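Here is the input, now give the coordinates:
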Amino acid sequence: MKRSRKTPAEREYEIETLRAISKRVPNIDSAIAEIARFSAELTLPKGTVHVISDIHGEDKKLRHVINNASGTLRPLVENLLMDKLPADEFEEFMKLIFYPAEVVGQLERSLREAEDQEAYAVRTLHSLFAVIRVLAARQSLKHATRLFPAEYADLFTEILHEPSTEREGAYVGAIVKALVCRGKVLHFIHLTSRLIRNLAIDELVIAGDCWDRGPRGDKVVDYLMQQPKVSFVWGNHDMLWLGACLGSETLICTVLRVSLRYRRFFQLEEGYGIPLMPLEFFAREIYGDDPAECFMPKGTGSRETLSVARMQKAIAVMQFKLEGQLIARHPEWGIQNRMLLHRMDHEKGTIMIDGVEYDLKDTHFPTIDPADPYELTKEEQTCLSRLKSSFLNSQKLWEHMKWMVEKGSMVISREEQLIFHACVPVDSKGEMLPMIIDGRALTGKKLFKAIDRAVYRMVDDKPTRNDLDMLWYLWSGPQSPLFGKDRMATLERALVEDKTPHDERKNPYFELLHETWFCENLLKEFGVDPVEGIIVNGHVPVKVEKGESPIKRSGKAITIDGAFSEAYGDHGYTLVLEPHRTFIAMHHHFESVESAVSDGADIVPKITVVREWKDAKLVSDSRRGRDLGFAIKHLEQLIVAYRNHDIPQRRSV
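Now for the predicted structure:
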């Protein structure tokens, strides 16, 4: 069968595409060299991918997990250097790798004399580059050198090739002496140590939920933005903060309520420049004599506990009102049963939930008008307007949200792993349930793609009220693939003693993950090999203390929400995709950066191997391999275009 010939228009489009490539690859020889380099890279071991989910503001623990490469760096360094260094010197070296900024800060105070700095640098740089050579050898040289600090890239390349009989010790000694004389040798050691971390993790995948519960979601994102390659899968807490950033009053109230409940003031006021003074003033004026016992915050802090409780109650009532308004705007969602304020009987002190009357623990609601319970008072609206202005004008919050959206999507796949945050909503038989996006009821892969497009649009253009309402539904709607429960029972948990209405029933998806047929159907839906594929989710903490396993009975699904946040359990998982195996690293409590630097405290994770291969997986088996395959094909087409004089060759510069 003859291959169909391209039309003139198709050929012209191909030539224009190749012309763009020719700006980087100017002639046949350079194209052949690129093909050879890419072909060689395909034979290397594939890059190591680390997948972490549900960080929830635990910035210090996240930093350590990244710094120690989820526990994989220590054994590598032990194999290389433990027999070559004294025990105390080895531990000091590990501290330097994990916390270069802090350790170098100490060295600047202790190594005052030039000769002391020089001796330390010569000894330490030899060890640092021994580690770098092993890590860099796993990648193509061009790929590895992209991670070198720009100002010192040539110098790093020189030292990378230093071990040779011709160069001996004098070569590095001369480099060190020049850096010492100019006061830059400790800075160079800092950069070298940081390079090890960057080389150890080829890609970091965050499977959702950077904020809430933990102390500093802002610092979590700050640190992630420093990493060389990060991909993001959105979670419902991320959509909560995105909606607040874009001006959803309902989600602003929710962010504030959660922050107050866990006393997370610094990430708002210091991190994002959002002052809580308007809410503090409002609570003092309206709830000044309220015991607010149902809204006592967790933990301790500098703000007076009763004041925080009153602030939380004030913002919670606003949240309940605005959620009622939002639900009323969307009868198509079918969740009118979640409008609860008009079901309160203020005289009896009761509330009707799902047809059952329950006693209220708190009956003091001075801003709720029984005749119009969802309307904000003038004072509430004034307070909320000031808070909303602060959210909309926070430049740092906007930068974080924009980065998260640009790096993110609802779902990604890495080789056989299908990674998304929570679930694919289904019924008890495993049939996919729809969610309405832009007026269309969609399921499965089409739903995830539509959410992607909607979120990108909101950041690129001014979001409509319906857009912001959709973000609220993604946060807590029953058929949201980021939530996966029938309700978020915030009001019930706060105001009703009887625990019956507190129950949040999980979507059948979470139980069906134990069934092989169900997992295979979902993998097929998203274009992943149903035989080799594994579904990877976060969102629902694994109850480690009750003996629950992150690996489902089907062997086809893994939950990597190990309760990273101290408020959830203080465990945490990383799923590590290495060339020769896939394993889960379970992380325990992390004391502090200070104890890590002063005492050498480390998180040595418990390892559970999921799969192993006799032969290591290569770049050719990975997403990078597919990209290289396309690049080689285009280069071959470019060579033909050069030979046919469709595109003129140029000399290499």
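
For the helix or strand containing Phe129, buried residues please.
Assigned by DSSP states H and E, Phe129 belongs to helix 114-136. The neighbour-count check on helix 114-136 (16 or more other C-beta atoms under 10 Å) flags 117-118, 120-122, 124-129, 131-136 as buried. Quick note: C-beta positions are derived from backbone N, CA and C, even for glycine.

Please apply the same query to stretch 337-355.
Those would be 338-341, 343-344, 350-351, 353, for stretch 337-355 by 16+ other C-beta under 10 Å.

so where do the helices sit in the stretch 101-250 of the chain?
114-136, 141-145, 153-160, 168-181, 185-200, 217-225, 236-246, 249-261 (DSSP state H, counting those that start in this stretch).

Ok, which of those helices comes nearest His50?
helix 185-200 (9.0 Å; C-beta to C-beta).

Disregarding residues adjacent in the polypeptide, which is nearest to Asp615?
Excluding the flanking residues, the one nearest Asp615 by C-beta to C-beta, 6 or more residues apart in numbering is His580, at 7.9 Å.

Where do the helices of the stretch 451-600 of the chain begin and end?
Ranges of helices within the stretch 451-600 of the chain are 465-476, 490-495, 509-512, 516-525, 593-599, based on DSSP H, counting those that start in this stretch.

which one of those helices is the most hemmed in?
helix 465-476 (a mean of 21; mean count of other C-beta atoms under 10 Å).

how far is it from where the chain is centred?
On the basis of C-alpha atoms, centre = their mean, to the nearest Å, helix 465-476 sits 21 Å off its chain's mean C-alpha point.

re earlier: mind putting the helices of the stretch 451-600 of the chain in TSV, mean pLDDT included?
Shown next, in TSV, are those (pLDDT from 0 to 100):
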stretch	mean pLDDT
helix 465-476	98
helix 490-495	97
helix 509-512	96
helix 516-525	97
helix 593-599	66
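
Tell me which of the ones you listed lies nearest to Pro278.
Closest among those, using C-beta to C-beta: helix 465-476, at 20.8 Å.

Just the C-alphas of the closest one, formatted as CSV.
Provided in CSV are the C-alpha atoms of helix 465-476 (Å, rounded to 0.1, in the frame of the first residue of the first chain):
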residue,chain,number,x,y,z
ARG,A,465,-19.2,34.2,39.2
ASN,A,466,-20.1,30.8,37.8
ASP,A,467,-16.4,30.1,37.5
LEU,A,468,-15.8,30.9,41.2
ASP,A,469,-18.9,28.8,42.1
MET,A,470,-17.3,25.9,40.2
LEU,A,471,-14.2,26.2,42.3
TRP,A,472,-16.3,25.9,45.4
TYR,A,473,-17.9,22.7,44.0
LEU,A,474,-14.4,21.3,43.2
TRP,A,475,-13.5,22.0,46.9
SER,A,476,-16.5,20.3,48.5
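
And that helix, what does it pack against?
helix 236-246, helix 249-261, helix 305-329, helix 444-460 (3 or more C-beta pairs under 8 Å, 6 or more residues apart in numbering; DSSP states H and E).

same thing but at 10 Å, please
If contacts are counted by 3 or more C-beta pairs under 10 Å, 6 or more residues apart in numbering; DSSP states H and E, helix 465-476 sits against helix 236-246, helix 249-261, helix 305-329, strand 435-437, helix 444-460.

Adding mean pLDDT and mean neighbour count, write those out as TSV.
Compiled in TSV, those are given as follows (pLDDT from 0 to 100; neighbours: other C-beta atoms under 10 Å):
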stretch	mean pLDDT	mean neighbour count
helix 236-246	98	26
helix 249-261	98	25
helix 305-329	98	22
strand 435-437	95	20
helix 444-460	97	17
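
how about the ones you listed, which one is nearest Gly572?
helix 236-246 (15.6 Å).

tilt between the closest one and helix 249-261?
120 degrees (axes from the mean of the first three to the mean of the last three C-alpha atoms, to 10 degrees).

Leaving out the residues flanking it, which one is nearest to Glu497?
Lys361 (5.4 Å).

Gln395 too?
Gln395 sits nearest to Gly273 (C-beta to C-beta, 6+ apart), 7.9 Å away.

Over to Cys253?
According to C-beta to C-beta, 6+ apart, the nearest residue to Cys253 is Gln319 (3.8 Å).

residues in contact with that neighbour?
By C-beta atoms under 10 Å, 6 or more residues apart in numbering, the contact list for Gln319 reads 249-258, 490-491.

in stretch 225-236, what's buried?
230-236.

my guess is the residue nearest to Asp615 meets Glu612, correct?
Yes. Here His580 reaches Glu612: they are 6.6 Å apart, a contact under C-beta atoms under 10 Å.

Tell me which of these two has more neighbours.
Each of His580 and Glu612 has its neighbours counted (other C-beta atoms under 10 Å); His580 has more, 13 against 10.

circling back to that earlier point, JSON lines for the helices of the stretch 101-250 of the chain, including distance to Gly572?
JSON lines is the format used below for the helices of the stretch 101-250 of the chain (distance: least, C-beta to C-beta, whole Å):
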{"stretch": "helix 114-136", "distance to Gly572": "24"}
{"stretch": "helix 141-145", "distance to Gly572": "29"}
{"stretch": "helix 153-160", "distance to Gly572": "33"}
{"stretch": "helix 168-181", "distance to Gly572": "38"}
{"stretch": "helix 185-200", "distance to Gly572": "18"}
{"stretch": "helix 217-225", "distance to Gly572": "13"}
{"stretch": "helix 236-246", "distance to Gly572": "16"}
{"stretch": "helix 249-261", "distance to Gly572": "20"}
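
for these, which one sits closest to Pro26?
Among the helices of the stretch 101-250 of the chain, helix 141-145 comes nearest to Pro26, with 17.5 Å by C-beta to C-beta.

elements contacting the closest one?
So helix 141-145, by 3+ C-beta pairs under 10 Å, 6+ apart, packs with helix 28-41, helix 114-136, helix 153-160, helix 185-200.
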